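**Q** With the sequence up front, the predicted model follows.
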Amino acid sequence: MKFFVAGLVLFAALAAAAPRATVLPDGTYRYETSIAEHSAGTSTIVIRREGGSIVIGESASVAGVGLVSERKIEESTYATLSYVVDAAGKHAVVTILGSDATLTHGKAADKITAAADAPFVVSDNFVAAWAQVPATLRATGEKQLTLACVCGGFIAIPISVTSSGLGTVSLKGADGVAVTLGFDPQTYVLTRLDVPAQQASVVLQSQEARIMPLPSPVVPTPMPLPAAHYTSRDVSISTDDGVALAGTLTIPDDAANPMPAFVFVHGSGCIDRDETIGPNKVFAQLANDLSNDGYAVLRYDKRSCGKSGGTFAPRDRLIADARDVIAYLRTQPGIDPARVFVLGHSEGGELAPSIAIADGKLAGVVLLAPPAIPLEQILMQQVLRTVSPAQRPAIAEREQTELNAVAAGQKTGASAAWLRSSFGIDPTTLIASVPSPILIVQGEKDIQVLAADTPRLVNAAQAAHRRVSVVMLPGDDHLFIKLPAGEDSTGVEYFTPAYLDPALFAAIEGWLRELPAG
């Protein structure tokens, strides 16, 4: 679930002559980010001179994520020299030597290379990188840049300039997403950034010559969970290839012995055991409800995420990990091995049928916002969601070219490998072979997995005489946050602390009560 294409959001170019005014003058600059005209957060940037360098510090809270970073650029060429960041309790450093950039985080190091004649700008999807770009391009006269994106993985994204004028420049990333930057034509200070395809904008709200201390980022905090009538303990699960997955097992107080239990399978991306999205912890809320209702729950950090080991994994490996977690759960004291359920959300809802088929003896599967069409079709839907009819053919063609390149192996890296592993898989063929009872719950305001496609999944299960139940929740978005009547999902609401819709809990618990005993 991303609202900015890292790199598209960052670059500008100008061929104008150097103005007499100071470029990127020292001072304090405050920006506001919005998505679909809803505020998504703020950023404070401080620019100061230090020897022969310009230091740009940033403190930001955008889309529920807090970050403090500092980058140094050479004052005469505006070339990036270094970058450090602290976000979500993690520290990372990027160093640049010629056309190579190296990200160091903990004991790990990743290296990427810039495109030819396209110097690096380091991006973290916040504002400071954008603030650097107009001046960098003014100094170099470049028409291309490479985003060194610290965005989950460490990737190089080529960016090209498509047009420029007095105080404005248009950019295009390698995936075809267009961005427009506005700036002061004398100082090259960023004044506005727009990403129309994602309904995102960044606007300068104020600036002053004083260099103010950077404030601490203030991020929203999760809603408190209801009282826990269960105990929790951290666990470590060893997978068949030796990777340790870190998780949490919740055991209800005074539960039946042996007790039924759930394993939760995450949505896409690098997701922790709580399925944390902004300040909202989807799986933590679900585990709290189910364990208070008498079910043990095992949820875990996805491979390579949180405290789990390994590297970002393709589809088959994610399925194998879930099966290892299920096997571990069945061996735990007090767990009824014949009454283990799997609950999958989003991508996890696509994986759960394959997990159930491979396992053969799950007590049931709960699919929350499950894809009903292949992943590549969902990606196309998401790209075209806010595109005008006049633009749809060109953008659809461009997106299809990108998808074809991924499928053909022309795109490299862990994310491309994951995408390829999921392309061409039709969820309807999988659900038709699930041997256990199935519950599908779908929010009708979901903009990532469309409710209009859900009947395709239900019909396939019914045609194959599967035991399927379906609950459509009219006001719910992709996270099962209930929106007010007349308000559509934009994704911005993910980053406001919220409780999940109680109707979601009622749907799951009602289905569980209706299952045959034993």
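**A** Arrived safely, thanks for sending.

**Q** Okay, now the unreliable bits of the stretch 251-400 of the chain?
**A** Along the stretch 251-400 of the chain, no part satisfies pLDDT under 70.

**Q** Provide the secondary structure category for Ala396.
**A** Classification of Ala396 using DSSP: H, G, I helix; E, B strand; the rest coil returns helix.

**Q** Could you find the closest non-adjacent residue to it?
**A** Spatial nearest neighbour of Ala396, excluding adjacent residues (Cβ to Cβ, 6 or more residues apart in numbering): Leu384 at 6.1 Å. Using the backbone N, CA and C atoms, a C-beta is placed for each residue, glycine as well.

**Q** For that neighbour, give its distance to Arg420.
**A** According to Cβ to Cβ, to the nearest Å, Leu384 and Arg420 sit 21 Å apart.

**Q** other SSEs contacting the helix or strand containing Leu318?
**A** Leu318 belongs to helix 315-330 when elements are defined using DSSP states H and E. Packing partners of helix 315-330 (3 or more Cβ pairs under 8 Å, 6 or more residues apart in numbering; DSSP states H and E): strand 230-238, strand 244-252, strand 259-265, strand 296-300, strand 335-345, helix 347-359, helix 414-422.

**Q** Using a markdown table, lay out these together with mean neighbour count and distance to Leu368.
**A** Compiled in a markdown table, the helices and strands packed on helix 315-330 are given as follows (neighbours: other Cβ atoms under 10 Å; distance: least, Cβ to Cβ, whole Å):
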| stretch | mean neighbour count | distance to Leu368 |
| --- | --- | --- |
| strand 230-238 | 14 | 21 |
| strand 244-252 | 21 | 18 |
| strand 259-265 | 26 | 10 |
| strand 296-300 | 26 | 13 |
| strand 335-345 | 22 | 4 |
| helix 347-359 | 24 | 6 |
| helix 414-422 | 18 | 18 |
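
**Q** Output the ones you listed in TSV, with distance to Ile112 appended to each entry.
**A** Output for those, formatted as TSV (distance: least, Cβ to Cβ, whole Å):
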stretch	distance to Ile112
strand 230-238	32
strand 244-252	28
strand 259-265	31
strand 296-300	29
strand 335-345	31
helix 347-359	26
helix 414-422	13
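
**Q** Report the contact partners of the residue nearest to Gly278 when sequence neighbours are not counted.
**A** For Gly278, ignoring the flanking residues on the chain, the nearest one in space by Cβ to Cβ, 6+ apart is Gly64 at 2.6 Å. Residues in contact with Gly64 (Cβ atoms under 8 Å, 6 or more residues apart in numbering) are 41, 219-220, 277-280, 494-495.

**Q** Would you mind checking those residues for buried ones?
**A** 41, 219-220, 277-280, 494-495 (16 or more other Cβ atoms under 10 Å).

**Q** How is the protein partitioned into domains?
**A** Using automatic domain parsing, the domain parsing of the chain gives 27-208, 230-373+426-514, 374-425.

**Q** Check the offset of the second one from the chain's centre.
**A** What it means is domain 230-373+426-514. Centroid separation for domain 230-373+426-514 versus its chain: 17 Å, with Cα atoms, centre = their mean, to the nearest Å.

**Q** For burial, what's the neighbour tally of Gly294?
**A** Residues lying near Gly294 (other Cβ atoms under 10 Å) number 17.

**Q** okay but it is in contact with Ile251, surely?
**A** No: judged on Cβ atoms under 8 Å, Gly294 makes no contact with Ile251 at a distance of 10.4 Å.

**Q** Pretty sure Leu479 sits against Tyr494.
**A** Yes: here Leu479 reaches Tyr494: they are 5.8 Å apart, a contact under Cβ under 8 Å.

**Q** mind showing which ranges of the protein have poor pLDDT?
**A** For the chain, the stretches flagged by pLDDT under 70 are 1-20, 152, 175-176, 518.

**Q** again, only this time at 50
**A** Within the chain, the stretches with pLDDT under 50 are 1-19.

**Q** Among the buried ones among the contacts of Gly64, which are located in strands?
**A** Using DSSP state E, the subset of the buried ones among the contacts of Gly64 located in strands is 41, 277, 280.

**Q** Need the residues you listed in JSON lines (columns: distance to Leu473).
**A** Formatted as JSON lines, those follow (distance: Cβ to Cβ, whole Å):
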{"residue": "Gly41", "distance to Leu473": "28"}
{"residue": "Ile277", "distance to Leu473": "18"}
{"residue": "Asn280", "distance to Leu473": "16"}
